[in-house]
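[1] I'll drop the sequence and a predicted model, then ask my questions.
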Amino acid sequence: MVQVGEKAPNFSGVDDSGKTISLKDLKGTKFILYFYPKDNTTGCTKEACDFRDSFATFKKRGVKVIGVSPDTEKSHKNFKEKYELPFTLIADPDKTICEAFGVWQEKSMYGRKYMGVVRSTFVIGETGKIEAIYTKVKVPGHIESLLETL
């Protein structure tokens, strides 16, 4: 996994509107890149809605919010519309962005091992360097601790 102080991995992905977004497009912008397992699941919906509900505060602080999951553009578009999410969602069906940030890992549930996204958040500064990392994020209280960091 990447470390605080390192340059963020170069990434490129298609967002919920079909537009390609890459790290170089975000140069000069402070942003949050949050990784979540799946659209329309309980924890992921709660997390997305928490970001939505605090979006004005992030915007006021000049911080962009971008979500990433292995779901498709179409899934993201529907998820975004259903919950009125005001931020960008990037589709990563081949998991290249997840792997670059080290969040595609072996997980275990009920004794069964499988590969999946470890819920994680990265704060990336204007120069492209990672300023903060949150791994194995628990949704309740996450936005509050993130806002304290900013």
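    Here it is on my side, so go on.
[2] name the nearest residue to residue 79, ignoring sequence neighbours.
    Excluding its sequence neighbours, the residue lying closest to residue 79 (CB to CB, 6 or more residues apart in numbering) is residue 39, at 3.9 Å. Where you see a C-beta, it was placed from the backbone N, CA and C, and this is true even at glycine.
[3] burial measure for that neighbour, as a count.
    By the criterion of other CB atoms under 10 Å, residue 39 has 25 neighbours.
[4] from here on, count from 10
    Done: numbering now begins at 10, and the last item shifts to residue 48.
[5] ok, it - contacts?
    Taking CB atoms under 8 Å, 6 or more residues apart in numbering, we find residue 48 in contact with 54, 78, 80, 84, 85, 87, 88, 98.
[6] surely the third one is within a helix?
    No: the assignment for residue 80 by DSSP: H, G, I helix; E, B strand; the rest coil gives coil, which leaves it out of any helix.
[7] any idea how far it is from residue 119?
    Residue 80 sits at a distance of 23 Å from residue 119 (criterion: CB to CB, to the nearest Å).
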